[in-house]
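*Asks:* Coordinates for the following, if possible.
(one chain, ligands or ions: 2)
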Amino acid sequence: MLTLLLAVLHSPYAHAAEPADEPADEPADEPVDAPAELGVATEATDVVKPEKTRDYLMEVNFRGRYLFLPDSLLNIWYETHEGETIERPQAHAYNLGLEFVVRNKKDNGIFYVDYLSSLIKPGYWDDIDSPPDYLDGEYIKPEAFGLLMIGANYASEIHATPWFSVVFGAGLGVAVKTGNLVKWLPGGDEATADPTCGSDAPAYERALGLEEGGAECANDGIKDIPTVLPVIDINLGVRFNINDHASIRLEGGLHDLPYGGGSVGITF
Ligand SMILES: [Ca+2]
Ligand SMILES: [Ca+2]
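*Replies:* Ligands and ions are numbered 1, 2, ... in the order given. Predicted structure coming up:
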């Protein structure tokens with residue numbers, strides 16, 4: 001019985017008689033008795049058959065992330081000046097990029113390139129002193145400040161259902177700094193570029209103008225940040241797998257900074 005079924009399935013006439021099964025191979029109104037046409041149908045079937053020639057999938061994804069340093073952490077080192085005009089800015093950024101993923105049922109290799117763009121507003125960064133000194137902080141203004149990041153992550157995957165899984169892992173990368181953090185120091189500091197400008201004024205006044213509408217002091221250079229930095233990745237997320245054709249990954253963790261975000265793309 002089984003032999004018969006297989007014989008039927010392999011018969012060229014079976015394909016010709018069932019155009020609904022193979023609509024791409026042979027339009028229904030083609031003459032079924034032309035030998036050349038049957039030859040094409042058989043050939044096409046043979047090509048379609050070995051569908052799974054590799055036991056891994058690949059993805060190309062677009063990724064977007066929001067990164068931030070929590071206030072609770074910054075509060076350890078910097079005054080908040082909450083509610084004042086010199087209130088400490090938020091330390092946050094966004095991150096856009098591309099991923100190439102190679103994965104099997106359990107293992108994921110994720111290769112990425114992305115760009116972190118600072119969302120930090122110009123503002124006053126006043127360190128915590130004991131006894132308090134609210135006038136010795138620096139005024140920092142990001143100028144095209146960002147990081148171009150490239151790296152590789154490994155992630156392990158646990159499938160809850162064929163279309164939903166938990167993905168977690170870690171990895172390393174390299175970041176190249178773009179732009180700068182321009183700084184103004186408090187007046188009287190030995191390192192000010194123009195010691196005569198606001199010699200007893202705090203940094204925010206030297207940056208924004210000593211008086212309402214007044215001239216600003218020249219900046220005092222840039223913050224000393226290495227051009228090349230390591231990237232440490234720790235990721236925990238979930239993946240929605242759409243028929244092995246597309247996937248969405250939502251995750252959070254560490255991408256040098258704590259982050260939350262997602263990746264969406266095609267699977268092939
Ligand atoms: Ca201080
Ligand atoms: Ca201080």
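
*Asks:* near ligand 1, which residues of the stretch 151-268 of the chain?
*Replies:* Within the stretch 151-268 of the chain, no position lies close to ligand 1 (C-beta under 5 Å from the ion). Where C-beta positions appear, they are placed from N, C-alpha and C, glycine not excepted.

*Asks:* and the residue of the stretch 151-268 of the chain nearest ligand 2?
*Replies:* At 9.3 Å from ligand 2, Pro186 is the closest residue in the stretch 151-268 of the chain, using C-beta to the ion.

*Asks:* how many other residues sit next to that residue?
*Replies:* Other residues within reach of Pro186, judged by other C-beta atoms under 10 Å, total 23.

*Asks:* Can you verify Pro226 is assigned to a helix?
*Replies:* No: under DSSP: H, G, I helix; E, B strand; the rest coil, Pro226 sits outside any helix and is assigned coil.

*Asks:* For it, which non-adjacent residue is closest in space?
*Replies:* In space, not counting the residues next to it along the chain, Pro226 is nearest to Lys177; the distance is 7.2 Å by C-beta to C-beta, 6 or more residues apart in numbering.

*Asks:* Report the contact partners of that neighbour.
*Replies:* Phe145, Gly146, Leu147, Ile225, Pro226, Thr227, Val228, Leu229 (C-beta atoms under 8 Å, 6 or more residues apart in numbering).

*Asks:* how about the strands in the stretch 101-250 of the chain?
*Replies:* Secondary structure of the stretch 101-250 of the chain (DSSP state E, counting those that start in this stretch): strands at 107-118, 123-125, 138-161, 164-184, 228-242, 246-255.

*Asks:* if you compare those, which one is most tucked away?
*Replies:* Counting by mean count of other C-beta atoms under 10 Å, strand 123-125 has the highest mean neighbour count of the strands of the stretch 101-250 of the chain, with a mean of 23.

*Asks:* what does that one rub up against?
*Replies:* Residues outside strand 123-125 that contact it (C-beta under 8 Å, 6+ apart): 78, 81, 86-89, 137-140, 202-204.

*Asks:* Using TSV, lay out these together with pLDDT and distance to His159.
*Replies:* Converted to TSV, the contacts of strand 123-125 look like this (pLDDT from 0 to 100; distance: C-beta to C-beta, whole Å):
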residue	pLDDT	distance to His159
Tyr78	98	44
His81	97	49
Ile86	95	52
Glu87	97	47
Arg88	98	44
Pro89	97	43
Gly137	97	51
Glu138	98	50
Tyr139	98	52
Ile140	98	46
Pro202	96	57
Ala203	97	54
Tyr204	96	54
